[in-house]
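**Q** This is a predicted model, with the sequence first.
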Amino acid sequence: MTTTRKQYSPKFKAKVAVEAIRGERTLSQLASQFHVHPVQIGQWRKTATEQLADLFVDGRKSKRSGEEAEKDALYEEIGRLKVELDWLKKKWVCWTERGAAAGGTGAWGDQCGAAVRTFGGEPVGTVLPGSG
């Protein structure tokens with residue numbers, strides 16, 4: 001025969017924890033009144049007192065942490081874009097050297113051919129019109 005665990009609502013837990021924090025009655029008296037084990041009441045009281053300080057946190061500080069998370073995300077995107085830009089600049093040099101070589105043969109043509117095909121055969125200059 002299986003027994004199911006009792007589940008108490010947060011409102012009930014708060015009521016019992018507040019009574020325990022008041023200290024007007026012992027845990028044994030509260031346990032008999034609310035039909036909950038004294039150890040459970042002690043745990044609820046401990047949880048309530050630990051988390052009580054979080055209720056009075058200034059809301060303005062939480063907005064700052066959200067702003068910092070957004071700031072970190074923007075810095076991450078800036079870093080990613082800088083890496084992409086450096087890669088495109090490198091391939092642009094590679095493309096112009098290949099064009100300067102006789103028909104794209106030689107060392108530059110061999111190293112840069114795959115990068116040019118990555119863009120569908122179009123010159124990288126269309127991606128970076130302002131450079132070069």
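**A** The structure has been received and is ready for your questions. Only a predicted model underlies this, so the values are computations on that prediction, with no experimental measurement involved.
**Q** same for the helix or strand that residue 94 is a member of, what does it pack against?
**A** Applying DSSP states H and E as the criterion places residue 94 in helix 59-100. Counting contacts by 3 or more Cβ pairs under 8 Å, 6 or more residues apart in numbering; DSSP states H and E, helix 59-100 packs against helix 107-118. Where C-beta positions appear, they are placed from N, C-alpha and C, glycine not excepted.
**Q** what is the rounded mean pLDDT of the helix holding residue 94?
**A** Model confidence over helix 59-100, given as mean pLDDT, is 84.
**Q** same deal with stretch 33-48?
**A** 95.
**Q** Convert stretch 78-89 to CSV, retaining C-alpha atoms only.
**A** Taking C-alpha atoms only, stretch 78-89 is exported to CSV below (Å, rounded to 0.1, in the frame of the first residue of the first chain):
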residue,chain,number,x,y,z
ILE,A,78,31.1,43.2,-31.2
GLY,A,79,33.8,40.6,-30.7
ARG,A,80,32.1,38.2,-33.2
LEU,A,81,31.8,40.9,-35.8
LYS,A,82,35.4,42.0,-35.4
VAL,A,83,36.5,38.4,-36.0
GLU,A,84,34.3,38.2,-39.1
LEU,A,85,35.7,41.6,-40.3
ASP,A,86,39.3,40.4,-39.8
TRP,A,87,38.6,37.2,-41.7
LEU,A,88,37.0,39.2,-44.6
LYS,A,89,39.9,41.6,-44.7
